[in-house]
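Peer 1: With the input below, show me the fold.
(one chain, ligands or ions: 2)
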Amino acid sequence: MIIYQHFTFDAAHFLPHVPEGHKCRNLHGHTYHLTLYITGDVLEQEGWILDFSDLKAIVAPVIGMLDHTLLNNIEGLENPTAELLATWIWKKVKPLLPGLKKIELKETPSSGVIYEGE
Ligand SMILES: Nc1nc2c(c(=O)[nH]1)N=C([C@H](O)[C@H](O)COP(=O)(O)OP(=O)(O)OP(=O)(O)O)CN2
Ligand SMILES: [Zn+2]
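Peer 2: Residues are numbered from 1 along each chain as shown. Ligands and ions are numbered 1, 2, ... in the order given. As a prediction, this is how the structure comes out:
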């Protein structure tokens, strides 16, 4: 079984490697929508895989590193595409949540990335 939790955070970024004149070279912001999927066994006593409250608390420090920041200033996010940001989030969260199975990161209502680790 898989449980999931949805998070949002707001951040600014620019993409330094897009061609001159590309709109994403300009500083701009997004409300990112992040969904984490966690797999595991349903614990017999509790009847759940992991308490959603615990899940939120575990992930909160990682969201806190991103929320209301300029992503380009964060180590490892100098080129903060959705793909590289999803990879960065995976590397931060996976050690905290070994059951992490998949993440979905939406940069706009119509664009995003799904990452299932390496
Ligand atoms: N594969 C990727 N393509 C793009 C990324 C990315 O991270 N991975 N990022 C961007 C920009 O961040 C841009 O802000 C988002 O682009 P876009 O979807 O075009 O956003 P808009 O809100 O401007 O979309 P419209 O439909 O044109 O309003 C670009 N590409
Ligand atoms: Zn953008």
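
Peer 1: Name the residues of the chain found near ligand 1, please.
Peer 2: 15, 24, 28, 81, 82, 83, 107, 108, 111 (CB under 6 Å from any ligand atom). All C-beta atoms are positioned from the backbone trio N, CA, C, and that covers glycine.

Peer 1: List the ones among those residues that fall in strands.
Peer 2: Members of the residues of the chain next to ligand 1 lying in strands (criterion: DSSP state E): 28, 107, 108, 111.

Peer 1: For the second one, which residues are in contact?
Peer 2: Under the criterion of CB atoms under 8 Å, 6 or more residues apart in numbering, the contact partners of residue 107 comprise 30, 32, 82, 113.

Peer 1: repeat for the last one
Peer 2: With contacts defined as CB under 8 Å, 6+ apart, the neighbours of residue 111 are residue 82.

Peer 1: and what of the third one?
Peer 2: Residue 108 makes contacts with residue 30, as judged by CB under 8 Å, 6+ apart.

Peer 1: beta partners of it?
Peer 2: residue 111 (DSSP bridges).

Peer 1: other SSEs contacting the lengthiest helix in the chain?
Peer 2: As assigned by DSSP state H, the longest helix anywhere in the chain is helix 52-66. Based on contacts counted as 3 or more CB pairs under 8 Å, 6 or more residues apart in numbering; DSSP states H and E, the elements that helix 52-66 packs against are strand 2-13, strand 28-39, helix 82-93.

Peer 1: Same list, the ones you listed, but as JSON lines with distance to residue 69, mean neighbour count and mean pLDDT please.
Peer 2: Formatted as JSON lines, the helices and strands packed on helix 52-66 follow (distance: least, CB to CB, whole Å; neighbours: other CB atoms under 10 Å; pLDDT from 0 to 100):
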{"stretch": "strand 2-13", "distance to residue 69": "5", "mean neighbour count": "16", "mean pLDDT": "98"}
{"stretch": "strand 28-39", "distance to residue 69": "10", "mean neighbour count": "17", "mean pLDDT": "98"}
{"stretch": "helix 82-93", "distance to residue 69": "11", "mean neighbour count": "18", "mean pLDDT": "98"}
